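Undergrad: Fold the following for me, if possible:
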Amino acid sequence: MLTQDGHVSEGSAENIFLVRNGSLITPSPTENILEGITRETIMQIAKEEFGMDTVERAIDRSELYVADEVFFCGTGCQVASVIEVDGRPVGRGSIGPLTEKMRNLYFKIARGDVPAYRSWCTPVYGTTKVASPRPQAKAGRAKTGRAKRSAKASISRKSRAGRK
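TA: Prediction:
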């Protein structure tokens, strides 16, 4: 998406980063972006793990065409490579080396596999109670064998539908 001034602001539901000449660049908060948690995470990982400062500034649309790499980040897409902009390939036309390293490390951190970042994760424990799949007969009414088969068949169909 573009700002009123024609600068790149973000994707439809994610922040955007580009790599150009070894620099990591993202739109500044003054470009009407959402200052997301994933955006901050990517900037911190870039600095701590790859020794890269992130440049926050206005980005012209044409810069996306000549970028070495472009990627989105956000809660939904995590880290997703952009391989084409307006029909033009970005870089080699495939995921770039920094994007790939960033994506792989981000997923390891999110899974709690990197001890230095485990404090970022919240463990979730518990059990799930599953309701009985058998319908209960109403008091005072006995089901015939045929009715029992029908009930069993409908539950079986529902179970298969839920697995798709």
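
Undergrad: what sits against residue 10?
TA: 1, 16, 27, 33, 34 (CB atoms under 8 Å, 6 or more residues apart in numbering). The C-beta positions use only the backbone N, C-alpha and C, and glycine is treated the same way.

Undergrad: Strands of this structure, start to end?
TA: 7-8, 15-20, 23-26, 54-56, 59-60, 69-74, 78-82, 84-85, 88-89 (DSSP state E).

Undergrad: where do the helices sit along this structure?
TA: Assigned by DSSP state H, the helices in the chain fall at 37-50, 61-66, 97-110, 145-162.

Undergrad: by contact count, what packs against the second one?
TA: Where contact means 3 or more CB pairs under 8 Å, 6 or more residues apart in numbering; DSSP states H and E, helix 61-66 is packed against strand 7-8, strand 15-20.

Undergrad: How about the residue positioned nearest the centre of the chain, nearest residue that isn't a chain neighbour?
TA: When CA atoms, centre = their mean is applied to the chain, the residue found nearest the centroid is residue 77 (2.2 Å). Take residue 77 and drop its neighbours on the chain: the residue closest to it by CB to CB, 6 or more residues apart in numbering is residue 14, 5.2 Å away.

Undergrad: now that neighbour: how far from residue 24?
TA: For residue 14, the distance to residue 24 equals 16 Å [CB to CB, to the nearest Å].

Undergrad: What of residue 61?
TA: According to CB to CB, residue 61 and residue 24 sit 18 Å apart.

Undergrad: Looking at those two, which one has more neighbours?
TA: Of the pair residue 61 and residue 24, residue 24 is the one with more neighbours under other CB atoms under 10 Å, namely 22 against 12.

Undergrad: of the strands of the chain, which approaches residue 95 most closely?
TA: Evaluated with CB to CB, the strands of the chain place strand 78-82 nearest to residue 95, the distance being 4.0 Å.
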